[in-house]
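A.B. asks: Would you be able to build a 3D model of this:
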Amino acid sequence: MYILGIESSCDETAAAVVRGGREILSNAVSSQFDVHGKYGGVVPELASREHLRAITPIVRQAMDQARCHWNDLSAVAVTRGPGLAGSLLVGITYAKAICFARKLPLIGVNHIEGHIHAVAFEAGERLEFPSLALVVSGGHTHLFEVAAGFRYRLLGRTRDDAAGEAYDKVAKLLGYNYPGGPVLDQLAVCGNPFAVRFPMAKMKGNPLDFSFSGLKTAVLRWVQAHDMEAEIAARKALLRANPNPRVDEWRNLTPQRTLDLIASFQYTVIQELLTRAEAAAEDICARSLVVSGGVACNAGLRSAALAARIPCPVFFPTPALSTDNAVMIAAAAYPKFLRGEFSDFSMKAQAGLSLA
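C.D. replies: Numbering: from 1, shown residues only. Okay, the predicted model is just below:
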């Protein structure tokens, strides 16, 4: 059984072929970092245009790498939401066209469910239920209870910025390039995580919800109080001359006090994530914890999660399956195919689609 997966929810155009729900035959991704870098974040209209340019070459690349013919496909899976409406529309329209021309089943997949299946795909039978899923990326910070058969119950979510979004905005504030998460993660190891004491968010109502806007504001206030204009201007000048500086170049332009600030910011984000994950794992008697999404690549989060007092095994995806990709979409579609859960051509892009 061959499933072609297509992902276009944000700023990556991706396609992959997965056989039997377990074997990756291809995984092609076209990123838009260079397009959005100078803006410090994703510009929706530009993202949609880049998807239009990339979708055909990327799908062809995935099919060629898999040595797969159109007649070999059993179904086409595509992200239907959540995400940017224009970006989603490109992938959905392309998938519908393939299915119409080849008379193939169409399977719409929730992007967040895809991230969870990226871990389940690799963990296999080691993943025990009920599982707790922490999905953390530039657009999402959610906690889900995952029951056997991949049934979901939302336990907590961010009330404002997602964790990855907070990373990108703080990086932009300090004069670093987009995406900011990898840069700050690599610089954080050079700083003292206890140098700047940032308060933890206290949530009214649901204690498992997250909030990162206050932390972002606290970083801004710290920057304003410490006369950092000159060093930030120097980093912006480096970016104008070289859009993709090496980490050692950033290190040379980052005083120790700023490294301490970055380390303290990252420490606080990680504590916010893991404190709530620990509480949720105890509440549902979780037998495993899944951490997925782009921020799952964060080295600080990985090491802290493995050392935390979480009463169950912790699973991360490999880096290639942490960020947006189409393998996770094809993997999430496999059990739907077996159950006969197909979509029709009336399926629309749903920017605010929920999983539970």
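A.B. asks: Please make it C-alpha for all contacts and neighbour counts, starting now.
C.D. replies: Noted.
A.B. asks: Give the other helices and strands that the top helix by length along the chain contacts.
C.D. replies: The longest helix of the chain (DSSP state H) is helix 256-284. Helix 256-284 makes packing contacts with strand 131-136, strand 141-147, helix 180-188, helix 213-225, helix 299-307 when contacts are defined by 3 or more CA pairs under 8 Å, 6 or more residues apart in numbering; DSSP states H and E.
A.B. asks: Note down every partner strand of the shortest one and its orientation.
C.D. replies: I take that to be strand 131-136. strand 141-147 (antiparallel), strand 288-292 (parallel) (DSSP bridges).
A.B. asks: Now do that strand: distance to the chain's middle.
C.D. replies: Between the centre of strand 131-136 and the centre of its chain there are 12 Å (CA atoms, centre = their mean, to the nearest Å).
A.B. asks: repeat for stretch 228-239
C.D. replies: 28 Å.
A.B. asks: Quick one: residues in contact with that stretch.
C.D. replies: For stretch 228-239, contacts defined as CA atoms under 8 Å, 6 or more residues apart in numbering pick out 174-177, 245, 250, 253-254.
A.B. asks: for these, which one is nearest E7?
C.D. replies: Set against E7, the nearest of these by CA to CA is N177 (24.5 Å).
A.B. asks: In which helix or strand does that closest one reside?
C.D. replies: Under DSSP states H and E, no helix or strand contains N177.
A.B. asks: Need phi/psi at it.
C.D. replies: Per-residue torsions, N177: phi -80, psi 160 (degrees, to the nearest 10).
A.B. asks: Packing partners of the one helix or strand I112 maps to?
C.D. replies: Taking DSSP H and E as the criterion, I112 maps to helix 111-123. Counting contacts by 3+ CA pairs under 8 Å, 6+ apart, helix 111-123 packs against strand 73-81, strand 131-136, strand 288-292, helix 327-339.
A.B. asks: JSON lines for those, including distance to K204, mean pLDDT and mean neighbour count?
C.D. replies: Converted to JSON lines, the helices and strands packed on helix 111-123 look like this (distance: least, CA to CA, whole Å; pLDDT from 0 to 100; neighbours: other CA atoms under 10 Å):
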{"stretch": "strand 73-81", "distance to K204": "29", "mean pLDDT": "98", "mean neighbour count": "26"}
{"stretch": "strand 131-136", "distance to K204": "20", "mean pLDDT": "97", "mean neighbour count": "27"}
{"stretch": "strand 288-292", "distance to K204": "25", "mean pLDDT": "96", "mean neighbour count": "26"}
{"stretch": "helix 327-339", "distance to K204": "34", "mean pLDDT": "96", "mean neighbour count": "25"}
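A.B. asks: For the helix holding I112, the averaged confidence score.
C.D. replies: What helix 111-123 shows for mean pLDDT is 94.
A.B. asks: now the angle from it to helix 327-339?
C.D. replies: Put simply, helix 111-123 runs at 90 degrees to helix 327-339, going by axes from the mean of the first three to the mean of the last three CA atoms, to 10 degrees.
A.B. asks: what's near enough to touch P130?
C.D. replies: Neighbours of P130 in contact, by CA under 8 Å, 6+ apart: 145-148, 284-288.
A.B. asks: Pretty sure G83 sits in a strand.
C.D. replies: No. Looking at G83 with DSSP: H, G, I helix; E, B strand; the rest coil, it is coil, so not inside a strand.
A.B. asks: Could you count how many residues lie near it?
C.D. replies: 25 (other CA atoms under 10 Å).
A.B. asks: Quickly note the distance from it to D344.
C.D. replies: 20 Å (CA to CA, to the nearest Å).
A.B. asks: Please apply the same query to K96.
C.D. replies: Between K96 and D344 the computed distance is 9 Å (CA to CA).
A.B. asks: These two: which has the busier surroundings?
C.D. replies: Taking other CA under 10 Å, K96 and D344 do not tie; K96 has more neighbours (24 against 12).
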